[in-house]
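1. Here is my input; please provide its structure:
(3 chains)
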Amino acid sequence: MIAFWTLTGLAAALAGLMVLTGARRGADASEPAAPTASAELDELDRLKARGLLDEEAWASARAEAGRRLLAQPAAPLPLMIGPRDRTIALGALVATAAAALGLYFFIGDPGLPDRPYERRIDEWAASAETLDAPRVAAVLSRAVRREPENLTALTMLGAARFEAGDPIGAATAFRRALTLQPNDATSWARLGESLVRAAEGEVQPDAEAAFARALELDPGQLGARFFLGDVALSRGEVDRARELWTPLIAVLDPADPRRADLVARLDAAA
Amino acid sequence: MIVEFGAFALVLALALSVLQTGLATVGRVRRSPLLAGGADGAAMASAFAIVLAFAALIYAFATSDFSVENVARNSHTDKPMLYKVAAAWGSHEGSLVLWCGVMAVFAAILARARGLPFGLKTSAVGVQGALTTLFLAFAVFTSNPFVRIEDAPVQGNSLNPLLQDPALAIHPPLLYFGYVGFSVTFSLAVAALIEGRAFSGFWPAWGRWVRPWALASWVFLTAGITLGSFWAYYELGWGGWWFWDPVENASFMPWLAGAALLHSAVVTERRGALAGWTVFLALLAFTFSMLGAFLVRSGVLTSVHAFAVDPERGLMLLAILAVAAGSAFALFAWRAPQLKGGGMFAPVSREGALVLNNLFLTVAAATVLLGTLYPLILEAATGQTISVGPPYFAMTFTPLMLVAFLILPAGPLLSWKRADARGAMQRLALAGGLAIACGFAFWLAFEPKKALAAAGIAIGAWLILGALAEVLERVRLFRVPVAEVLRRARGLPMGAWGMTLAHAGLGVFVLGAVAETSFKLESAEALPIGGSVIAGPWKATLTDVRIVEGPNYLAEQGVVTVTSVEGRATPRTVTSERRFFPAGGQTTTEVGLDFRGLDDVYVVMGERRATPAGERAWSLRLYHNPWARLIFLGPAIMALGGVLSLMDRRLRLAMPGRRKGVAA
Amino acid sequence: MRGLGALLALALLATPALAQAPVAPPDRPLPQASQEARAQAIFEVVRCVVCQHESIADSPAGIAGDMRRLIREEIAGGATDQAIKDDLVRRYGDYVLFTPPVRTGTWLLWFGPALLVLAGGAALLAFMRRRSIETEPLSPDEERRLADLLQTETVRPDPDASPPHDGR
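-> From the prediction side, this is the model:
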């Protein structure tokens, strides 16, 4: 707060100084050298010297210019500093400062601190337990930027982004994690899920490939099982679907509605 | 703290602009150098304050401070630093601060100018202050970039990915220097109308003060428009570079008016003539600038370049335009009848040629205005909707310009007041003959034979050769000994070289535009990896498609090998990308450009699709754009010519001067 | 970047959002080169009705693809360029052509520029005719008064007067 007011005060003072310096310089200087009639006639002489105006044309151009010059008022009124000019200038300056300050109070939020992104991440990182997913993702993405090889941070980042509704970002994070640890079945499965979410529920070839890889590495990846079975079912490969889903049905609680749903879908297809 | 400081600095700048206007007005009326000097000081202080404000805004963008609403709406933490900073002027609010900043800085430069008479300078500083006040008030009250959000979002909304491009990061500042530069010619013109014929020898001197500002603004506009056009060429991926799109037209109108102003100011400077007309053009150039700002932001016209569209604030801009331009033109209508006088001249003379130039340039600007606004007016008046596009301008604007180009090379060879037309023609006979020969050679060389294109080439060659002939004439090449030629060449003022370059650059542009428009070839096909497509002499083979991950985008990158059909040219590899930006969900195209001599081989990879055989394939568009390089080289040469002219010491006069007492 | 290439090829090639972009059916050029050239020429002057200021030759939008196909079909069916344009105007209105029609409401648009040039040229000619460009040389009295005027001015060296640029 103090720093802010120091800064604004300083800026206002500097601005005021500039105005006063200008006024003093103006008061010291005499009438600036005005262009004169001779300049116009000299121009004609120059054009003639360069052959751009022939003798006759020069004479007549000079006559035109000369008559015009004679017809015009010669010297402007003298300049003078009136007795009240200093008061007017100072008064106007003070009024300007007051107006600027008043307008700023009306429009701005005095003393509201800056919130640079880095500092906000610091704050979030300090209270990691109570954060929502987007903020966790922000904290983690900085951690990943600092340690690009940190596998745990990468997979957590993927999960956080997925939660935060950024499946494309999540997929990117999982993909990076997989370049470090290509045999991580969970990451493959989550990559697949991120891709499905990004495609608004549709299982596209790359998601399918990710699920297949996950299952190959770890038959216990139930999510992958579900999506692959879903794809198989949509292609009409009921046997393949049954093969994929049977272990899944086996582990689900009999009371779980999802279990009933899976069974029903298999039966309906068969 | 810094953000709030920026908000304060912006408000302070507004208050100081009001002070500047007030002190200048009272100082002018009381003829008090103290008060007028105070106005000069206020102009400097206002520029200082607004530079601080803009720096604070850039800081907010660079640190991704999403508690600032404007940053939250237009930035994203994943963006590279260059685009974070560029986003500061990529939004409506930020670009308005830039606009005001340029205006205030120019006001400060004007305030430091020496050698201007008291009345004229004080009035000009006052008018410039009033303009800055109008725009700053608009910024502070309706488009404040420092508005804070209590509950800062976790992530920002990102900037339109089309704008994330190095050329587009610097295109707006260049354009604004040009647009806003005309505010100074506007202020000088209004000041001249207020001061009238205050003293003898006024108008030639005034022409000399206006010219550097007009020239500098025109140079910035030329560079800005060329960069924008180049951006459209390689970023939109359509192979075109000028679409007669309303937003392009909006920037073209002040350019045309500025070009006319440059030329008519010469007449006013040298001969004291055409004063009223030059004042009119000086007002017009900035009016067109403001009109452009309104058209681009209000959304009344649809455009591929539309930017920061907001109808309500557009209306405010229209009001500012009406107040500023309306009062200036009213003043003009009142004072113009008193501006008579100046040197007389014969129809065939340097003045006559410049007047013709002005006739064509202003009618061209009027044509662009008509073509841009007519659909709006017609729809409002009768409800009929029409589209005015490239064919209309090809039938109206282009012929106008071609006639102007035919006359152009003769102008610099004519003497003032009264000229010998036959002598000028004789001196240009060789250039004319050579130009016709160029056109004929072109007609023979290029298939299919197009007479119109050959004529266009002849005109381009005529402009270049005519400019060259004029310089050679000036240094008396082949007529005096070499040492004398060199001495003369050294003695030529910079302005002369600048004019020659600018005119030749125009010719270079014409050559490129004619060849590209008449002979560009395009073909598109869906290709599997290893497949090729042929356009004209070029063959493009899709060798690979890979995924690349950018800082804030994912891209499918096509690797394309370009060879000539006969296989004589060295194969070269270019890449074209389709970039997907998750933050905004948008897709952009990166064109692959292979520069072959003057030609461009232009490759665009499109969506993925399947070949009839079910193979994975990508649509690939290949363009052969002959002489396309000249289209952008020409304006660059023109801008360079403008810079050379600016360096002419005759023009350093309305700029801050160190040599007190010498300036005239 | 261990194994990144292979992995990306596997997992990323069809990044969902990339694949989601609406894919217009590919353009099939007409077999006859002259007919295709006619089609291309028409594409340049037809506006994509849902886009910003874009011709259907440039627009990637689906409807632009449909319009291109339609025009190609009509050309293949033997329609003249004019008939095709008329058909488009019937369907979408004048708005669809980048060349505005010439009728009462658009006379000003079409003939305005030529009128301006003619009016401007005529005004210039009248202006030039009316004025004699030669002026009587200054009388001795005027010369004297002018010399007086120049005398009263501050005498300052003119930066441009010396050295003379005599390269014309």
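2. how about the helices in chain C?
-> C:4-11, C:16-20, C:33-45, C:62-76, C:81-92, C:107-130, C:140-152 (DSSP state H).
3. With mean pLDDT as extra columns, can I get the ones you listed in TSV?
-> Compiled in TSV, the helices of chain C are given as follows (pLDDT from 0 to 100):
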stretch	mean pLDDT
helix C:4-11	32
helix C:16-20	37
helix C:33-45	84
helix C:62-76	86
helix C:81-92	88
helix C:107-130	88
helix C:140-152	77
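4. closest one to B:E93 among those helices?
-> With respect to B:E93, and counting by C-beta to C-beta, the nearest of the helices of chain C is helix C:16-20 at 29.6 Å. No exception for glycine: its C-beta is placed from N, CA and C like everyone else's.
5. The one residue in chain A that gets nearest to chain B: what's it in contact with?
-> Residue nearest to chain B within chain A (C-beta to the nearest C-beta): A:G26, separated by 1.6 Å. With contacts defined as C-beta atoms under 8 Å, 6 or more residues apart in numbering or on different chains, the neighbours of A:G26 are B:27, B:33-38, B:40-41.
6. repeat that with 10 Å
-> By C-beta atoms under 10 Å, 6 or more residues apart in numbering or on different chains, the residues touching A:G26 are A:32, A:79, A:81, A:85, A:89, B:23, B:27, B:32-41, B:118, B:122.
7. Quick check: which element contains it?
-> helix A:2-28 (DSSP states H and E).
8. centroid residue for chain C?
-> By C-alpha atoms, centre = their mean, chain C has its centre lying nearest to C:F98, at 11.1 Å.
9. Please verify my assumption that that residue contacts C:S55.
-> Yes. Using C-beta atoms under 10 Å, C:F98 makes contact with C:S55 at a distance of 6.5 Å.
10. hang on, the earlier thing: state the mean pLDDT of the helix holding A:G26.
-> Averaging pLDDT along helix A:2-28 yields 89.
11. Which helix or strand lies directly C-terminal to it?
-> Following helix A:2-28 in sequence order, the next helix or strand is helix A:37-49 (DSSP H and E).
12. Give the other helices and strands that the helix or strand that that following helix is followed by contacts.
-> Per DSSP H and E, the first helix or strand lying C-terminal to helix A:37-49 is helix A:55-71. Using 3 or more C-beta pairs under 10 Å, 6 or more residues apart in numbering or on different chains; DSSP states H and E as the contact test, the elements touching helix A:55-71 are helix A:37-49, helix B:202-235, helix B:246-271, helix C:140-152.
13. Now do the contacts for the closest residue to A:A128 other than its chain neighbours.
-> Leaving out its chain neighbours, the residue that sits closest to A:A128 by C-beta to C-beta, 6 or more residues apart in numbering or on different chains is A:V139, at 6.8 Å. Residues in contact with A:V139 (C-beta under 10 Å, 6+ apart) are A:120-126, A:128, A:131, A:153, A:156-157, A:160.
14. likewise B:A555?
-> Contacts of B:A555 by C-beta under 10 Å, 6+ apart are B:546-549, B:575-581, B:587-590, B:605, C:15, C:18.
15. Does it belong to a helix, a strand or coil?
-> Of the three states, B:A555 takes strand under DSSP: H, G, I helix; E, B strand; the rest coil.
16. So for the residue of the stretch 51-200 of chain A found nearest chain C, what pLDDT did the model give?
-> Closest to chain C within the stretch 51-200 of chain A is A:A199: 3.8 Å, counting by C-beta to the nearest C-beta. Looking at A:A199, its pLDDT is 78.
17. Need the nearest residue in space to the residue in chain C positioned nearest to chain B, chain neighbours excluded.
-> Per C-beta to the nearest C-beta, C:F98 is where chain C lies closest to chain B, at 2.7 Å. Distance criterion C-beta to C-beta, 6+ apart; nearest residue to C:F98, sequence neighbours excluded, is B:G389 at 2.7 Å.
18. Which residue ranges make up each domain of the chain?
-> I went with chain A, as the question did not name one. A:114-200, A:219-270 (automatic domain parsing).
19. think we crossed wires, I meant chain B
-> B:1-164, B:198-229+B:244-416, B:420-519+B:630-639, B:521-625.
20. now swap in chain C and tell me
-> What automatic domain parsing lists as the domains of chain C is C:18-96, C:102-128.
21. Go through the helix holding A:G26 and flag the buried ones.
-> A:4, A:7-8, A:11-12, A:15-16, A:18-23, A:26-27 (16 or more other C-beta atoms under 10 Å in any protein chain shown).
22. So of those, which two are at opposite extremes in space?
-> Of all pairs in the buried residues of helix A:2-28, the most separated under C-beta to C-beta is A:F4 and A:A27 at 34.8 Å.
23. picking up where we left off before, and the residue nearest to A:A128, which of the three is it?
-> Reduced to three states with three-state DSSP, the structure at A:V139 is helix.
24. Find residues that contact each of C:F98 and C:S55.
-> Common contact partners of C:F98 and C:S55 (C-beta under 10 Å, 6+ apart): B:243, B:387, B:389-390, C:44-47.
25. For those residues, which two are the farthest from each other?
-> Largest separation among the shared contacts of C:F98 and C:S55 by C-beta to C-beta: B:F243 and C:V46, giving 13.9 Å.
26. where do the contact lists of the two overlap?
-> B:389, C:55, C:98.
27. ok, so of those residues, who is nearest chain A?
-> Nearest to chain A, judged by C-beta to the nearest C-beta, of the shared contacts of B:F243 and C:V46 is C:S55 at 33.0 Å.
28. give the contact list for the closest one.
-> C:S55 touches B:238, B:240, B:243, B:387, B:389-390, C:42-48, C:64, C:98, counting by C-beta under 10 Å, 6+ apart.
29. Would you list the buried entries among these?
-> Looks like the contacts of C:S55 have B:238, B:240, B:243, B:387, B:389-390, C:42-43, C:45-48, C:64, C:98 buried, using 16+ other C-beta under 10 Å.
30. hang on, the earlier thing: which ones among the shared contacts of C:F98 and C:S55 are found in strands?
-> Counting by DSSP state E, these place none of their members in strands.
31. sorry, back to before: of the shared contacts of B:F243 and C:V46, the lowest pLDDT goes to which?
-> C:S55 (85).
32. On the strand side of things, show who it bridges to.
-> C:R47 (DSSP bridges).
33. For the shared contacts of C:F98 and C:S55, give me CSV that also has distance to C:G112.
-> Output for the shared contacts of C:F98 and C:S55, formatted as CSV (distance: C-beta to C-beta, whole Å):
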residue, distance to C:G112
B:F243, 22
B:S387, 17
B:G389, 17
B:P390, 18
C:E44, 24
C:V45, 21
C:V46, 24
C:R47, 22
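34. SS state for B:P551?
-> coil.
35. burial count for it?
-> Applying other C-beta atoms under 10 Å in any protein chain shown, we find 10 residues neighbouring B:P551.
36. who touches it in this structure?
-> Applying C-beta under 10 Å, 6+ apart, the residues near B:P551 are B:78-81, B:83, B:164.
37. before we move on, back to that, if you rank the contacts of A:V139 by neighbours, which is first?
-> Going by other C-beta under 10 Å, A:L157 tops these with 27 neighbours.
38. mind listing the strands for chain B?
-> For chain B, strands defined by DSSP E occupy the ranges B:521-527, B:532-535, B:538-549, B:554-564, B:572-581, B:586-590, B:592-596, B:599-610, B:616-625.
39. I figured B:G530 hits B:T543, correct?
-> Yes. Counting by C-beta under 10 Å, B:G530 touches B:T543, with 7.2 Å between them.
40. More neighbours: these two, which one.
-> When B:G530 and B:T543 are compared for neighbours, B:T543 comes out ahead with 15 against 9, by other C-beta under 10 Å.
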